[in-house]
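Novice: Please find the sequence and the predicted model below.
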Amino acid sequence: MAEPVSAPAVLLDQDGIQQVVKRLADELSARYDDGLVLVAVLRGSVPFLADLVRAMSIRTTVDFVALSPYAPGTGRVRLVMDAATSVEGRDVVIVEDIVDTGLTAAFLLSELGRRNPKSVSLCTLVDRPARRIVPVDLDFVGLEVEDHFVIGYGLDFDGRYRNLQVLATADPATLANDPDAYLSLYGA
Ligand code: IMP
């Protein structure tokens, strides 16, 4: 008999996502009226970045970084693709899908901070402080969540669900048993 699927909860529907994105875009545009370099973390932040940058009303350069764990379970990360844009003397905002342990955010804030930017800060769609290992200052936060695994709008489980239109919680045990357990969210 199939395991029962733990019901997902939609945290933000399409309208809710766009309201959050607009608020963040307004906050960024107000803070950095002289222009900005957005450095987005591949791959989860791509839908968020695409909407965010189009909702902003200031001069903006977009670039990307990709990270990989040093070794499974260590929590340490390394750059596997660097941004091509020079950030020296410029205001920089890192764009993340979710800040969880804070290890990725702390690494990038330190890495980009060493390149003599005018300033470097972080904008995340989701903040999940419950599992934080490294304290990080989050200047721009879309939504704070409890200790739930989150899928959709860029956030994945094993490469799935990035193209969901909504942001939803999912049960990791259910996903481990059946990675496609939440396909019904495509109709949400
Ligand atoms: P960190 O633990 O703060 O370094 O988060 C690293 C990365 O793990 C995030 O940028 C996400 O790509 C991924 N991640 C953490 N929590 C979740 C989640 O709930 N859903 C999907 N991806 C996650």
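Specialist: Looks like it came in fine.
Novice: Give the helix, strand or coil label for the residue most central in space within the chain.
Specialist: Nearest to the geometric centre of the chain sits D97, at 0.9 Å (Cα atoms, centre = their mean). Secondary structure state of D97, per DSSP: H, G, I helix; E, B strand; the rest coil, is strand.
Novice: Pretty sure it sits against A40.
Specialist: No - checked against Cβ atoms under 8 Å, the pair D97 and A40 is beyond contact range at 9.1 Å. Yep, even glycine has a C-beta here, placed from its N, CA and C like the rest.
Novice: who touches the nearest residue to D34 once chain neighbours are set aside in this structure?
Specialist: Among residues not flanking D34 along the chain, D91 sits closest, at 7.1 Å (Cβ to Cβ, 6 or more residues apart in numbering). Residues near D91 by Cβ atoms under 8 Å, 6 or more residues apart in numbering: Y32, D34, G35, L36, V37, P117, K118, S119.
Novice: quick one: pLDDT of D91?
Specialist: pLDDT, the model's per-residue confidence, is 98 for D91.
Novice: what about it, distance to the ligand?
Specialist: Separation of D91 from the ligand (Cβ to the nearest ligand atom, to the nearest Å): 22 Å.
Novice: and G16, which of the three is it?
Specialist: Three-state call for G16 (three-state DSSP): helix.
Novice: That one: neighbour count?
Specialist: 15 (other Cβ atoms under 10 Å).
Novice: Likewise for the one 10 residues further on?
Specialist: Applying other Cβ under 10 Å, we find 13 other residues in the vicinity of D26.
Novice: Brilliant, that's me finished.
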